[in-house]
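Structure of the sequence below:
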Amino acid sequence: MFIERATLSTGMINIHDICWGNDGLWVVNSMFSCLSKLSPDHSFVAAWVPSFISELKPENRCHLNGMALLDGVPRYATAFSESDTAQGWREELGNKGVLIDVVENKVIKSGISMPHSPRCHAGKVYYCASGDGDIHVYDPKSGTNRVLCELQGFTRGMTFFGDLMLVGTSTLRKSEEHIRFKANPRLLDGKSVCAIWLVNVNTGEVVGNLTFTGDVKQIYDIAVVPNSRKPELFQSSDALSSHIFEFCRG
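Residues are numbered from 1 along each chain as shown. Reported below is the predicted structural model:
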C-alpha cells in the first residue's frame, strides 16, 4: 500500500526520469537541462549539468530526459541533442541524440534517434532508440553498441525482472508526424502500438506483449512492484487516507 507522505513544489521544470538514490530523490530536470535533487528548501538543487550546457536557464536546450543510476548514484543520461540554445533540440530532431557518461561528463554514443530510458543491468547499459523503435545495448568495457531488438512502436520505459526485460511502446502523437523517422512499418503508416513487451534480455527474443486499445496511447515508464499481487495507492484526498497509519516508536 502506497500512501502520500510529503509534497514538494518544484515549479514547471518538466521532470522526466525520477529515481531514489543513496542521498535522496533524483530527477531529470528537462527545463533547466540538468540532473537535480529535490529539497524542501529549494525548487531544486542542480547537481549535474552536461558539459555542452553553458548556463542554467529554463529553456529546455537539449531535451535531457533519461537517467540511469548505478550503485545509488546517477551514471548515465540521455538527451535528444547537444544543443546549447533555447529549444535548440527541436531544430535537430531525428538522429542527433546522445548517451552521456555522467561521471566522466562526456558523450559516449551519438547519432541516436530520440533516446530514452537508459538502464544499468548486468554490467551493460540498455536504452531506447525511440525514433527507430529499437532497444540498444552499450558495453562500457568494450565501448561497443548493438541493437538488441526492434519493436512495433515508439520505445520508451524499461525495467528488468530476472531474464526478462519489460519495455513500453507508444503510438506516434500528432505532434510527431512531421519527424522523419527511419522508414519502417513498425512506426509509420499508423502501425505503431501502445503496449508492454516482454523480451528475453539474453537473446532479444520477444516472449509476449500486452497491447492497450482505446484511450491508452502513451507509456512513459514501467516499474515492477515486488512481493505484491494487488498494490493500492492512496492520495491525501482519499477519504480512507486519514484512517491509515504506519508509525514507529521514538
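
Please name the bridge partners of residue 27.
On the basis of DSSP bridges, residue 27 is bridged to residue 18, residue 36.

Pretty sure it sits against residue 15.
Yes. Between residue 27 and residue 15 there is a contact under C-beta atoms under 8 Å: 4.7 Å. Heads up, the C-betas are built off the backbone N, CA and C, glycines and all.

neighbour count winner among the two?
Of the pair residue 27 and residue 15, residue 27 is the one with more neighbours under other C-beta atoms under 10 Å, namely 21 against 16.

Regarding residue 242, what is its secondary structure?
Recorded secondary structure, residue 242: helix (DSSP: H, G, I helix; E, B strand; the rest coil).

any weak-confidence spans in the chain?
174-190 (pLDDT under 70).

what's the helix or strand for the most centrally placed residue in it?
For the chain, the residue nearest the mean C-alpha position is residue 117 (3.2 Å; C-alpha atoms, centre = their mean). Following DSSP states H and E, one finds residue 117 within strand 115-121.

continuing past that strand, what's the next helix or strand?
Note on strand 115-121: by DSSP H and E, the next helix or strand toward the C-terminus is strand 124-129.

what helices or strands is that next one leaning on?
Applying 3 or more C-beta pairs under 8 Å, 6 or more residues apart in numbering; DSSP states H and E, we find strand 124-129 packed against strand 64-70, strand 73-79, strand 97-101, strand 115-121, strand 134-139, strand 154-161.

Name the residues of it that come out as buried.
Applying a neighbour-count criterion of 16 or more other C-beta atoms under 10 Å, one finds 124, 125, 126, 127, 128, 129 buried in strand 124-129.

wait, which of these is closest to residue 170?
The closest of the buried residues of strand 124-129 to residue 170 turns out to be residue 128 (C-beta to C-beta; 10.6 Å).

how near is that closest one to residue 194?
Between residue 128 and residue 194 the distance is 15 Å, computed by C-beta to C-beta, to the nearest Å.

measure stretch 202-209 end to end?
Chord length of stretch 202-209, first to last residue, is 17 Å (C-alpha to C-alpha, to the nearest Å).

what residues does that stretch touch?
Contact with stretch 202-209 is made by 135, 148, 149, 151, 163, 164, 195, 196, 197, 198, 199, 200, as judged by C-beta atoms under 8 Å, 6 or more residues apart in numbering.

swap the cut-off to 7 Å and go again
148, 149, 163, 164, 195, 196, 197, 198, 199, 200 (C-beta atoms under 7 Å, 6 or more residues apart in numbering).
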